[in-house]
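S.K.: Output the structure for:
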Amino acid sequence: MTSTLELAPKKRKITKQQILDLTNDLIDEYIREKNWRTPEDIRLDIQDMYETVIYPRIEYTLVTSLNLGHLENNKILGKTVPQERVILLDNSISPPNYDPRYPFTFGHEIGHAFCHTDEPESFRCSQDEISSTDSLSPKEADANFFSANFLMPEFLVKLNFHRCYNPKRPFAYYGKGQEYCFTAYGSTRIIRIDSYSHFCVTLAKPLTTFFSNVSKTSLGLRIHNLGLVLNYSKERILEDVSNIGSILKNIS
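M.R.: As a prediction, the model looks like this:
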């Protein structure tokens, strides 16, 4: 007598195109709800987006009063529990504290809520997972991709980048230790640049208010990923992330 082991069907992995379609749909709904008439009117606010379009769709409760602790010495910034339909954000980064990590972390957890809603396990997300540009688990990569496209949609980043800088050609980075000229909204500054990351976050600084006051690091990475900067050096974006604190101080 023989027997066969019947395997449970694998859950279908969500694709990047499906995530992109979802974020575009959410943004379109938000724009309609705000009654904005032109792209120049748009100011994305993650808290208002949650209340206006996110909660009505998925009814995930937001909790921001708890200390979420650590995971393997990494601070937990966010947690999503699909079975309880709850998103938790660590109290150290949540309002009334101002922390530029809050918007992207919030978007990341919303990404889990939409993309992995049928999962039995919860998702605990550390600083390393949310900010990493290296290899992540597919689900963490999904959540990061959702957050980047939800908070910083391509059309709006490009629109505001060109309104701010009016570049005649793409910005070019040739290497650290050089002085670069930045003209933002008609005001020119010459800044000595220490790294490619410093270059990208400098370009991001005037634009964060359009995107929920997301961190300059997140928006700088988005500017890089959208090809708005030509990198002629061998440096990688955020390879100097351990020194990002001093980089940000230099452009504040």
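
S.K.: Just the helices from the stretch 151-252 of the chain, written as ranges.
M.R.: Residue ranges of the helices in the stretch 151-252 of the chain, as given by DSSP state H, counting those that start in this stretch, are 154-165, 196-204, 216-225, 244-251.

S.K.: could I get the ones you listed as CSV with distance to D142?
M.R.: Every residue, glycine included, has its C-beta placed from N, CA and C. Below are the helices of the stretch 151-252 of the chain laid out as CSV (distance: least, CB to CB, whole Å):
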stretch, distance to D142
helix 154-165, 18
helix 196-204, 24
helix 216-225, 16
helix 244-251, 24
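
S.K.: most packed of these?
M.R.: helix 196-204 (a mean of 26; mean count of other CB atoms under 10 Å).

S.K.: in which helix or strand would I find the residue nearest the centre of the chain?
M.R.: In the chain, the C-alpha nearest the mean C-alpha coordinate belongs to A148, at 3.7 Å (CA atoms, centre = their mean). With secondary structure defined by DSSP states H and E, A148 is part of helix 138-151.

S.K.: what's next to that helix, contact-wise?
M.R.: 13-14, 16, 19-20, 22-24, 26-27, 44, 46, 49, 103-104, 106-112, 114-116, 119, 123, 125, 129-130, 132, 136, 211-212, 214, 218, 221-222, 225 (CB atoms under 8 Å, 6 or more residues apart in numbering).

S.K.: what about that helix, distance to the chain center?
M.R.: 7 Å (CA atoms, centre = their mean, to the nearest Å).

S.K.: which residues sit in contact with F211?
M.R.: Contacts of F211 by CB under 8 Å, 6+ apart are 44, 103, 151-152, 156-157, 219.

S.K.: Point out the other helices and strands that the helix or strand hosting Y30 packs with.
M.R.: According to DSSP H and E, Y30 maps onto helix 16-34. Packing partners of helix 16-34 (3 or more CB pairs under 8 Å, 6 or more residues apart in numbering; DSSP states H and E): helix 101-115, helix 138-151.

S.K.: Deepest in the core, which of the ones you listed is it.
M.R.: By mean count of other CB under 10 Å, these have helix 101-115 as the most buried, with a mean of 26.

S.K.: got the CA positions of that helix in PDB?
M.R.: Extracted C-alpha coordinates of helix 101-115, given in PDB (Å, rounded to 0.1, in the frame of the first residue of the first chain):
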ATOM      1  CA  ARG A 101      12.200  57.600  11.100                       C
ATOM      2  CA  TYR A 102       8.500  57.600  12.100                       C
ATOM      3  CA  PRO A 103       6.900  58.200   8.600                       C
ATOM      4  CA  PHE A 104       8.900  55.500   6.800                       C
ATOM      5  CA  THR A 105       8.500  53.000   9.700                       C
ATOM      6  CA  PHE A 106       4.700  53.700   9.700                       C
ATOM      7  CA  GLY A 107       4.600  53.200   5.900                       C
ATOM      8  CA  HIS A 108       6.600  50.000   6.300                       C
ATOM      9  CA  GLU A 109       4.100  48.500   8.800                       C
ATOM     10  CA  ILE A 110       1.200  49.600   6.700                       C
ATOM     11  CA  GLY A 111       2.900  47.600   3.900                       C
ATOM     12  CA  HIS A 112       2.900  44.500   6.000                       C
ATOM     13  CA  ALA A 113      -0.800  45.000   6.800                       C
ATOM     14  CA  PHE A 114      -1.700  45.200   3.100                       C
ATOM     15  CA  CYS A 115       0.700  42.700   1.600                       C
END
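
S.K.: Right, I'll call it a day here.
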